[in-house]
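> what follows is a predicted structure for the sequence shown.
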Amino acid sequence: MLKTAYCKYDLRFIEPAKTSRCVMTEKETYFIKVWDADEPHKYGIGECPIFRGLSAEDSPNYESKIRELCRNINNEAHTDITQYSSLKFGLETALLDYENGCCRKPFPSSWSKGDSAIPINGLVWMGTIDEMSKRVDEKIAQGFRCVKLKVGACDFEEELKLLDRIRLLYSPEKLEIRLDANGAFTPDEALVKLKRLSQLDIHSIEQPIKAGQWDKMAYLCENSPIDIALDEELIGIYDIVQMRKMLYYISPKYIILKPALCGGISGAVQWINCANAYEVGWWVTSALESNIGLNAIAQWVSTLETTIPQGLGTGALYSNNIASPIEQIGDVLTYNEHKHWNIPDFKWIIPE
């Protein structure tokens, strides 16, 4: 009989992580494990990475839902988690880990054997202009050929100066610049700002305005000189008819897939199928998971036959991350089979 348990874990940022929405020093997450009652020493593990203030399922009762899910599985009952993307992601990957031998390989591939690498972008968090400039230089020195900058929290003119400095030093052929506004621009100012940014050979910008404004976003996608990628716009849409409706109506150039926010792995697969049908591009990013969640996403991505840089460079953000074989070497993410997982002695809760 399959059994489940869960535990809460607070990830601590090495440095505060700033977006246009907030500044984070800690990131709450949960782990779920599954095992056979006859072999309790062998278990699959998955991560349920609630993202407070962003996840559609964010509520004070979130842990109660995890407890309900585990209790029902333990009693062979059903739980509807259709609208709980992070729970779907955690349970799906825990079960896949269990089914594939309980060795943290939910999606076995050449990547999880250490035989291939995943290109990633270098993520530059918001900060003062001087801080961001230094971080960009560090990413370039590490070998990144694609960087993603969070914009919208500093003075726009200063951000333009920073981007202009970067572009003067590095041509579009040498460095791809992606931007993420996290909805920081107002609809009235967005197009003017996008036109000014376009003079700097920007590859794309994520979510220039807040999600839920389909008419305004569709207008921007049609008129922006910079390709627009939808991110937060995907959150809370679980029905494939609504997925198709949104993509058809807004018609973005790209969508950004975060499995823990857009329906788990199964939901992300549906988004990819819809995007391909409408000739919308896509790439995958992590949503500040620990190495347990990042590993599952990276292994899944490695099966998708995509070659563009993915947003998976978040493993080194935390001082208390889970030790794993994941390594970032230059601008690629690899899996070193000579290293081992070191899962802490979590205080698992087994709801009865």
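Ah, there it is.
> would you map out the domains in this protein?
2-99, 118-335 (automatic domain parsing).
> can you put these in JSON lines and add mean pLDDT?
Below are the domains of the chain laid out as JSON lines (pLDDT from 0 to 100):
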{"stretch": "domain 2-99", "mean pLDDT": "93"}
{"stretch": "domain 118-335", "mean pLDDT": "95"}
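> for Pro108, find the nearest of those.
Set against Pro108 and scored by C-beta to C-beta, the domains of the chain come closest in domain 118-335, at 7.5 Å. In this view, the C-beta of every residue, glycine as well, is placed from N, C-alpha and C.
> quick one: the strands in the stretch 51-200 of the chain, in order.
118-119, 122-124, 146-150, 176-180 (DSSP state E, counting those that start in this stretch).
> tally of neighbours for Gln270?
19 (other C-beta atoms under 10 Å).
> so what's it closest to, chain neighbours aside?
Excluding the flanking residues, the one nearest Gln270 by C-beta to C-beta, 6 or more residues apart in numbering is Ile240, at 5.5 Å.
> state the phi and psi torsions of that neighbour.
With angles defined as degrees, to the nearest 10, Ile240 sits at phi -60, psi -30.
> start at 454 instead
New numbering, starting at 454: the last item is Ile693.
> my read: it touches Val722, true?
No - contact criterion C-beta atoms under 8 Å: Ile693 and Val722 do not qualify, at 10.7 Å.
> which stretches of the stretch 454-603 of the chain form helices?
Per DSSP state H, counting those that start in this stretch, the stretch 454-603 of the chain carries helices over the ranges 515-527, 538-552, 582-595.
> quick check, Lys471 in contact with Glu584.
No - counting by C-beta under 8 Å, Lys471 stays clear of Glu584, with 9.4 Å between them.
> between those two, point out the one with more neighbours.
Remark: of Lys471 and Glu584, Lys471 carries more neighbours, 18 against 15, as counted by other C-beta under 10 Å.
> residue contacts, the more buried one?
Applying C-beta atoms under 8 Å, 6 or more residues apart in numbering, we find Lys471 in contact with 477, 578-580, 603, 606.
> for it, give the beta-bridge partners.
Note on Lys471: beta-bridge partners by DSSP bridges are Val476.
> any idea how far it is from Asp608?
As judged by C-beta to C-beta, to the nearest Å, Lys471 and Asp608 stand 15 Å apart.
> thinking again about what came up before, mind giving me the ChimeraX select for the contacts of Lys471, buried ones only?
To isolate the buried subset of these in ChimeraX, counting by 16 or more other C-beta atoms under 10 Å, use the following:
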select :477,578,579,580,603,606
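> now the contacts of Lys471 in a markdown table, with distance to Lys461?
Below are these laid out as a markdown table (distance: C-beta to C-beta, whole Å):
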| residue | distance to Lys461 |
| --- | --- |
| Met477 | 17 |
| Trp578 | 25 |
| Met579 | 27 |
| Gly580 | 29 |
| Lys603 | 27 |
| Ala606 | 29 |
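> out of the contacts of Lys471, which is nearest to Glu685?
Of all the contacts of Lys471, Glu685 sits closest to Lys603, with 13.4 Å by C-beta to C-beta.
> for Ser704, the count of nearby residues, please.
By the criterion of other C-beta under 10 Å, Ser704 has 15 neighbours.
> how about it: what's its closest non-neighbour residue?
Residue nearest to Ser704 in three dimensions, not counting chain neighbours: Cys674, with 5.4 Å by C-beta to C-beta, 6+ apart.
> can you check Glu510 too?
Distances taken as C-beta to C-beta, 6+ apart put Tyr537 closest to Glu510, at 4.6 Å, once the chain neighbours are dropped.
> that neighbour and Glu685: what is the separation?
17 Å.
> thinking again about what came up before, so which of the strands of the stretch 504-653 of the chain gets nearest Pro778?
Once the strands of the stretch 504-653 of the chain are compared by C-beta to C-beta, strand 571-572 is nearest, at 13.7 Å.
> what strands line up against the closest one, and which way round?
If you go by DSSP bridges, strand 571-572 pairs up with strand 785-788 (antiparallel).
> returning to that earlier point: in the helix or strand hosting the residue nearest to Ser704, which residues are buried?
Cys674 belongs to helix 667-676 when assigned by DSSP states H and E. For helix 667-676, burial by neighbour count (16+ other C-beta under 10 Å) applies to 669-674.
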